[in-house]
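Student: how would this look folded up:
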Amino acid sequence: MQTKEASSSPYGSLLSPQHDNLEAQEYHTAGVESTEHPANSSMDFFVWLVVYLVLSSLGGGFGNSLEPVTILTFISYASVVQYFHHLYRNESCLDLRNKAWYWIVFWVFQALGFCLGFSSIFGDGALNVFITFCAGLLLWLLILTLVIVPYLQFEFYFPQNRWGVVVFAVLQTTVACSLVGNLLSTFVVPGNAVLDYLPLRQVAFFLGIYGVNFTAILMAIFIPYLAKKVPTIGVQRCLTIAQYFGGSLVVAFVVTGFLIQSQYLYQINGLDLVRPSIQVSCVNAQSIEFQTQDWYTLWNQTQSRIVQGDAIVLMTEEAMLLKNDAQVTAAMDLAQSIVQQTTLAKGALVGFTYVLFEPGATMGTNRFVLISSENGGTLLWNYAKSHPVPIVEYNITAGSPVLPTASSAYGKLGGAICFDLDFPQFIAQAGRAQVDLLLQPSWTWNAILTRHFEGDAVRAIENGFTLFRCSSDGESGIVDPYGKFLARQITGIDPLQPSVFILPLRSHVSTVFTYLGFVFEYLCIAVSAAVYLVLGTKAFAGWTWAVLLD
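Tutor: The predicted structure follows:
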């Protein structure tokens, strides 16, 4: 049995070896006896530590990855928490100096897991793998310093608390979704790795990807957290917490489950669910130069699709590589000429894409132009990509952060290019504008195709629009406002192999997220700030420089 001094906290003092015995007294007056860890030998201690280390790293490598396995995402974060619970299980203080190697090894293993999961995110080759590993180091440095250390501090200072699990989920959501997500994109957040369970994905209808991520982290760490709290707050309190948590989760998933089925309730005849639909197509291409053979093939296929009755023909991202304004004008003239050949009563739309590099220029622009058949070929927008991909598009100048919209015979349209959809703050403009159909030309590469499409689908749920995505070297398809994939197809780069889909027309769906905006995100940020402030105040109240000089 531990001594009274050692059992006063699972972690002890972070900044000072001295102990305040008040919490220890409360601990024993609660009638809870401290217990020895089952693994009494150092060998058992290290074995379990390695198990948690490997599970967290491999779970991240195959869970929160380009080919995410949902259960491994949960196992990964459960193992992360359990690693540190185990590391400090019998300690009287949160010793960061003497256990530095445990932290460094953990940090490197998590970066390796990130690299395993996202090794081709920046392209092929050893250099890109190394860049991915460095990105993993940076990401996990943020998680260690801004999530795990504050969480452990919180558990030390307030051992009788029952909110540590929520604190961890809030801190992680703030760092992953707000700090990293708003600066670099939400592509790698764990919430994007658990989207194959539709009721969990549907949380985005209310709280966006921030709510999905928060719920996923909460589910992942709840059991190991509760197991740690049993010696401190007792079995009965832990059971009560489990009942409240489980009940809340069931209610939440019942609500989101009904929301998914709302368009079918109650036992509506299938004929009453038939919606007007249009035929749409993607013409796949990459960086085709002016008046080459591929140039003529690209435009001939676009013309063929319009003549065959497609209401919308959309090229994939950067279909053409143009070098001056004259070439851009030639492309514009072709699109206006082709779109007028439609025989549809409501007309047609042609969306073409190009990257423009002027002679001698080191920076270019990535553009998406939409032409309507109305009035002899009306220009609806000429949009420059607002969020170029870091590193990959180092030579692309970011466009205006204003999402283009336009009215059409097929509803209110919006447009964005590929990586733009990894920024919820940007795409939220579509929800506020009540866009019915969002058009997304895209260009993915290597293995990021499925992960990217799944993540982009969350924007449809958040903002209540139908998403029509055309991607070269990736996945193209259609997502309805409830996140259901109505069509999806892996597509290449050959203009001679267009992808044709049937797109049901439906009006914009009003979502809670559209009205609440980013209230939940801001709430997480505020709670995180309060936690940092409280912990900092308590820590520095007992600060001595001797802590660093010992």
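Student: how about Glu318, secondary structure?
Tutor: Taken by DSSP: H, G, I helix; E, B strand; the rest coil, the conformation at Glu318 corresponds to coil.
Student: in the one helix or strand Ala326 maps to, what's buried?
Tutor: Here Ala326 is covered by helix 325-339, with elements defined by DSSP states H and E. Within helix 325-339, the residues that count as buried by 16 or more other C-beta atoms under 10 Å are 327-328, 331-332, 334-336, 338-339. (Glycine included, C-beta is placed from N, CA and C.)
Student: So what's the model's average confidence on the lengthiest helix in the chain?
Tutor: In the chain, taking DSSP state H as the definition, the longest helix is helix 204-233. Mean pLDDT, helix 204-233: 93.
Student: which secondary structure elements does that helix contact?
Tutor: The contact analysis (3 or more C-beta pairs under 8 Å, 6 or more residues apart in numbering; DSSP states H and E) places helix 204-233 against helix 70-87, helix 164-173, helix 198-201, helix 235-261, helix 424-432, helix 449-463, helix 512-516, helix 519-541.
Student: relative to helix 424-432, how tilted is that helix?
Tutor: Between helix 204-233 and helix 424-432, the angle comes out at 130 degrees (axes from the mean of the first three to the mean of the last three C-alpha atoms, to 10 degrees).
Student: Let me see the contact set for Ala216.
Tutor: Counting by C-beta atoms under 8 Å, 6 or more residues apart in numbering, Ala216 makes contact with 73-74, 190-191, 193-194, 200.
Student: Could you rerun that using 7 Å?
Tutor: Ala216 makes contacts with 73, 190-191, 194, 200, as judged by C-beta atoms under 7 Å, 6 or more residues apart in numbering.
Student: Mind putting these into CSV with neighbour count and pLDDT?
Tutor: Below are the contacts of Ala216 laid out as CSV (neighbours: other C-beta atoms under 10 Å; pLDDT from 0 to 100):
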residue, neighbour count, pLDDT
Thr73, 26, 94
Pro190, 23, 93
Gly191, 29, 94
Val194, 25, 93
Leu200, 21, 93
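Student: Could you dump the residues you listed into TSV and include distance to Leu226?
Tutor: Below are the contacts of Ala216 laid out as TSV (distance: C-beta to C-beta, whole Å):
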residue	distance to Leu226
Thr73	19
Pro190	20
Gly191	22
Val194	20
Leu200	20
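Student: I'd assumed Asn366 was in contact with Val355.
Tutor: Yes: assessed by C-beta atoms under 7 Å, Val355 is found in contact with Asn366 at 5.1 Å.
Student: more neighbours, those two?
Tutor: Each of Val355 and Asn366 has its neighbours counted (other C-beta atoms under 10 Å); Asn366 has more, 27 against 21.
Student: Ile221 - nearest residue in space that isn't next to it in sequence?
Tutor: Val81 (4.6 Å; C-beta to C-beta, 6 or more residues apart in numbering).
Student: circling back to that earlier point, what lies in contact with the helix holding Ala326?
Tutor: Under C-beta under 7 Å, 6+ apart, the answer for helix 325-339 is 290, 299, 302-303, 306, 320, 322, 348-350, 352, 354, 356, 369, 371-373, 377.
Student: same question, stretch 355-371
Tutor: With C-beta under 7 Å, 6+ apart as the criterion, stretch 355-371 contacts 318, 321-324, 328, 332, 335-336, 339, 349-354, 377-385, 388, 393, 395-397, 399, 406, 415, 417, 441.
Student: For Asp310, which three-state class applies?
Tutor: Classified using three-state DSSP, Asp310 is coil.
Student: neighbours of Leu271, just the number please.
Tutor: Residues lying near Leu271 (other C-beta under 10 Å) number 6.
Student: From Gln261, how far off is it?
Tutor: Distance, Leu271 to Gln261, using C-beta to C-beta, to the nearest Å: 18 Å.
Student: same check, this time on Thr362
Tutor: Counting by C-beta to C-beta - Thr362 and Gln261 are separated by 53 Å.
Student: So for those two, which residue has more residues nearby?
Tutor: Neighbours were counted for Thr362 and for Gln261 using other C-beta under 10 Å; Gln261 has more, 11 against 8.
Student: give the contact list for that one.
Tutor: With contacts defined as C-beta under 7 Å, 6+ apart, Gln261 has no neighbours.
Student: Apply 10 Å and report the result again.
Tutor: With contacts defined as C-beta atoms under 10 Å, 6 or more residues apart in numbering, Gln261 is in contact with Tyr482.
Student: any idea how far Trp48 is from it?
Tutor: 44 Å.
Student: can you tell me the helix or strand for Gly351?
Tutor: According to DSSP H and E, Gly351 maps onto strand 349-356.
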